[in-house]
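Quick one, structure for this:
(3 chains)
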Amino acid sequence: MTNPTEYLPKSYHVRLSTYWWLTRWPYLKFILREGSAVFVAWAVIVTLLQIHALTLGPADYAEFQNWLRNPLVLALNLVSLLFIIFHAVTWFNLAPKAMAVRLHGKRLPNLAIAAPNYVAWAVVSAAVAWILLRG
Amino acid sequence: MHKRSNEPFLWLLFSAGGVVSAMLLPIHLLLFGLAFPLGWLDGPGYEKLLDIVRHPVTRVYLFVLCSLPLFHWAHRFRFTLYDGLQIKHLNELINILCYGGAVLGTVLAAYLLWSIP
Amino acid sequence: MANRITLDVTRYNPARDEKPQLESFEVPLRKEWVVLDALNYIKDHLDGSLTFRWSCRMGVCGSCGMTVNGVPKLTCATFLSDYAPGPVRIEPMKNFPVLRDLVVDTSDFLVKLAKSKPWIVRKVEKPLDEEYFQTPEQLEAYKQFSMCINCMLCYAACPVYGLDPLFSGPAAIALAQRYNLDSRDQGASERMDILSQHDGIWGCTFVGECTQVCPKKVDPAGAIQQYKLTATMEWVKSLVLPRGAE
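You can find the predicted model right below:
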């Protein structure tokens, strides 16, 4: 169809705009969701920096703690946390779509798969917090 | 007939990374990135934290925590760039930068966790 | 409610125009009208040269897909009054070449659909006097994916298809799944060879818009993610078990 013939005049090919993701909210939400991966990587980098500081000694670790208190770093970490929570919520809500679990022939509702994920999230978070806070 | 793609391997890493990022990164970033530095909660001191971290189980946990989310990032970022840039030769570069970056981070994590006193 | 509404409709005559342009028409706003009624009103009373596809006018043939205010819709299933006071922008479906006015060239979809082998594949055919039995549970396993009317709204909504013309697309993959999950079919392995590729299921980034716009609730996004999971399990099996043990 891209080659015009006597009976088939040329067709018009619409190029998808570079800003296609700004044209509709669902597309923007998708790009934000994919963008959360960058903040996931940042969280790993912070963790690696922390482990490194821990290895070097109490003075270096204290310096690292100070760096964490820098307003720019705090702001970045706050934004990262929001994006990572956004990742978690979209992840748990989408996971059921990949699994067609059938009980007695009827498909389980999405919540039946999503809910245990949320519960596990809460339990695991509480466990980590307990280990770190029990002093 | 076509040979099936090896993409499933990368998708598995992406999925595992997605689960680890979703389950564990929020609480880690909340505590170490905000709550402890801002003094909302009392974190473990240097000695206590070092004690927890040097335990072999914690080292394995931290290795998983640092490695898999990087592969999650690599896969997602690769597709975001691919759909955005879309040029054949850049695809190879994108793959190398993304998965290479994840491998680099993994090696770094292994080295750091191995070297804890 | 006002009794008139303006429609901004894409016009494109390939013999005459450089590119498509919007043309405004004022039509009656009747409570029970759908967008297709308004288009037919234009063709009957205002401009007979307006060209668009439609057939059943009841949402089962898949002919009347267009972009209404930026969203892929079946014009026979979209109420005009939902857009009051207007104006309503009506454009051809996105991601397909435009042939004339609101008509697009869908041959790419047909090629991709054929690639999915959307028919029962048998290693051994049953003799003609033996029927296939299928329980309600077995039907349930694939029924949702069989509801596809090939309207291609999912392709219009899919940014991956828009960005990568080689991508097989939501409907073609969902229909492959429809047959993979059919108890009468033995072609899952063949389809897996064809679709477990970057231009098949692995091109999908789960945007999910295909499922949102589907008028028959097929959930192609779900079909593709399930297919990815199946492909991954098959891949793991092929590592652990010898290929011959299929």
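
what residues does chain C put near chain A?
When proximity is defined as C-beta under 8 Å from any C-beta of the partner chain, chain C approaches chain A at C:12, C:14-15, C:19-20, C:70-71, C:94-95, C:97-99, C:105, C:107, C:136-137, C:140-141, C:159, C:162-163, C:205-209, C:212, C:219, C:221-222, C:225-226, C:228-229. Where you see a C-beta, it was placed from the backbone N, CA and C, and this is true even at glycine.

ok, now with 6 Å
C:12, C:14-15, C:20, C:97-99, C:105, C:107, C:137, C:140, C:159, C:162-163, C:207, C:209, C:222, C:225-226, C:229 (C-beta under 6 Å from any C-beta of the partner chain).

could you point out which element follows the helix or strand of chain A with the lowest mean pLDDT?
Least confident helix or strand, chain A: strand A:106-107 with a mean of 70, by mean pLDDT, DSSP states H and E. Counting by DSSP states H and E, the next helix or strand C-terminal to strand A:106-107 is helix A:110-133.

Would you mark the buried spots in that following helix?
A:Ile113, A:Ala114, A:Asn117, A:Trp121, A:Ser125, A:Val128, A:Ala129, A:Leu132 (16 or more other C-beta atoms under 10 Å in any protein chain shown).

swap in stretch C:192-204?
C:Met192, C:Ile194, C:Leu195, C:Ser196, C:Gln197, C:Asp199, C:Gly200, C:Ile201, C:Trp202, C:Gly203, C:Cys204.

Then stretch A:57-75?
By 16+ other C-beta under 10 Å, the buried positions in stretch A:57-75 come out as A:Tyr61, A:Phe64, A:Gln65, A:Leu68.

ok, which stretches of chain C are helices?
Ranges of helices in chain C, per DSSP state H, are C:35-41, C:107-115, C:136-146, C:153-157, C:159-163, C:170-180, C:188-195, C:209-213, C:220-240.

OK, contacts around the residue nearest the centre of chain A?
Closest residue to the average C-alpha location of chain A: A:His87 at 2.8 Å, with C-alpha atoms, centre = their mean. A:His87 sits next to A:Ser36 when contact means C-beta atoms under 6 Å, 6 or more residues apart in numbering or on different chains.

mind checking pLDDT for it?
Listed pLDDT for A:His87 reads 97.

how about it, secondary structure?
helix (DSSP: H, G, I helix; E, B strand; the rest coil).

could you point out the longest helix in chain A?
As assigned by DSSP H, the longest helix anywhere in chain A is helix A:25-56.

what angle do whichever helix or strand comes after that helix and helix A:25-56 make?
Scanning forward in sequence from helix A:25-56 by DSSP H and E, the next helix or strand is helix A:58-69. Going by axes from the mean of the first three to the mean of the last three C-alpha atoms, to 10 degrees, helix A:58-69 is angled at 160 degrees with respect to helix A:25-56.

helices and strands around helix A:58-69, which ones?
Under the contact definition 3 or more C-beta pairs under 6 Å, 6 or more residues apart in numbering or on different chains; DSSP states H and E, helix A:58-69 sits against helix A:25-56.

switch the cut-off to 8 Å
helix A:25-56, helix A:71-98, helix B:46-54 (3 or more C-beta pairs under 8 Å, 6 or more residues apart in numbering or on different chains; DSSP states H and E).

Any residue of the first one touching chain C?
Yes - with C-beta under 8 Å from any C-beta as the threshold, helix A:25-56 lies in contact with chain C, specifically through A:Pro26, A:Tyr27, A:Phe30, A:Glu34.

And for the second one, the neighbour number?
As a burial measure, A:Tyr27 scores 17 neighbours (other C-beta atoms under 10 Å in any protein chain shown).

Spatially nearest residue to it (excluding sequence neighbours)?
A:Trp21 (4.5 Å; C-beta to C-beta, 6 or more residues apart in numbering or on different chains).

Listing request: residues of the chain with sub-threshold pLDDT.
Picked chain A for this. A:1-9, A:104-106, A:135 (pLDDT under 70).

Oops, wrong one, chain C.
Looking at chain C by pLDDT under 70, you get C:1, C:242-246.

Now do the helix ranked longest in chain B: which elements does it pack against?
When chain B is scanned for its longest helix (criterion: DSSP H), the result is helix B:56-85. On a contact count with 3+ C-beta pairs under 8 Å, 6+ apart, helix B:56-85 meets helix A:25-56, helix B:7-28, helix B:46-54, helix B:88-114, helix C:159-163.

next one: phi and psi at residue 19?
Just going to use chain A. Main-chain dihedrals, A:Tyr19, degrees, to the nearest 10: phi -100, psi 30.

Kindly report the same for the one 5 residues further on.
Dihedral pair for A:Arg24: phi -140, psi 140, per degrees, to the nearest 10.

which residues touch it?
The neighbours of A:Arg24, taking C-beta atoms under 8 Å, 6 or more residues apart in numbering or on different chains as the test, are C:Gly70, C:Val71.

what's the answer for C:Cys154, then?
Contacts of C:Cys154 were listed using C-beta under 8 Å, 6+ apart, and they are C:Pro72, C:Gly169, C:Pro170, C:Ala171, C:Glu209, C:Cys210, C:Thr211, C:Val213, C:Cys214, C:Val218, C:Pro220.

One more: A:Ala59?
Contacts of A:Ala59 by C-beta under 8 Å, 6+ apart: none found.

any low-confidence regions in chain B?
B:1-2, B:85-88.

B:Phe36 is in contact with B:Gly43, isn't it?
Yes - in this structure, B:Phe36 is within contact of B:Gly43 by C-beta atoms under 8 Å, at 3.6 Å.

Show me which positions of stretch A:89-103 end up buried.
A:Val89, A:Thr90, A:Trp91, A:Phe92, A:Leu94, A:Ala95, A:Pro96, A:Lys97, A:Ala98, A:Ala100.

End to end on stretch A:17-32, go ahead and measure it.
End-to-end distance of stretch A:17-32 (C-alpha to C-alpha, to the nearest Å): 18 Å.

what do you get for stretch B:35-50?
19 Å.

Switch the buried residues of helix A:110-133 over to a markdown table; also include distance to C:Trp54.
Below are those laid out as a markdown table (distance: C-beta to C-beta, whole Å):
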| residue | distance to C:Trp54 |
| --- | --- |
| A:Ile113 | 40 |
| A:Ala114 | 39 |
| A:Asn117 | 44 |
| A:Trp121 | 48 |
| A:Ser125 | 54 |
| A:Val128 | 58 |
| A:Ala129 | 60 |
| A:Leu132 | 64 |
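
The residues you listed also near chain C: which ones?
Filtering these for proximity to chain C by C-beta under 8 Å from any C-beta leaves nothing.

Widest-spaced pair of those residues?
Taking C-beta to C-beta, the two most distant members of those are A:Ile113 and A:Leu132; they sit 29.7 Å apart.

Give me the buried entries from the residues of helix A:25-56 next to chain C.
By 16+ other C-beta under 10 Å, the residues of helix A:25-56 next to chain C give A:Pro26, A:Tyr27, A:Phe30, A:Glu34 as buried.

Next, format those as CSV and append distance to B:Gly18.
Output for those, formatted as CSV (distance: C-beta to C-beta, whole Å):
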residue, distance to B:Gly18
A:Pro26, 20
A:Tyr27, 21
A:Phe30, 15
A:Glu34, 12
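
Name the residues of stretch A:29-39 that are buried.
Across stretch A:29-39, burial judged by 16+ other C-beta under 10 Å covers A:Phe30, A:Ile31, A:Arg33, A:Glu34, A:Gly35, A:Ser36, A:Ala37, A:Phe39.

just stretch B:100-116 next, same as before
In stretch B:100-116, counting by 16+ other C-beta under 10 Å, buried: B:Gly101, B:Ala102, B:Gly105, B:Thr106, B:Leu108, B:Ala109, B:Leu112, B:Leu113, B:Ile116.

same thing with stretch B:62-70?
Across stretch B:62-70, burial judged by 16+ other C-beta under 10 Å covers B:Leu62, B:Phe63, B:Leu65, B:Cys66, B:Ser67, B:Leu68, B:Pro69, B:Leu70.
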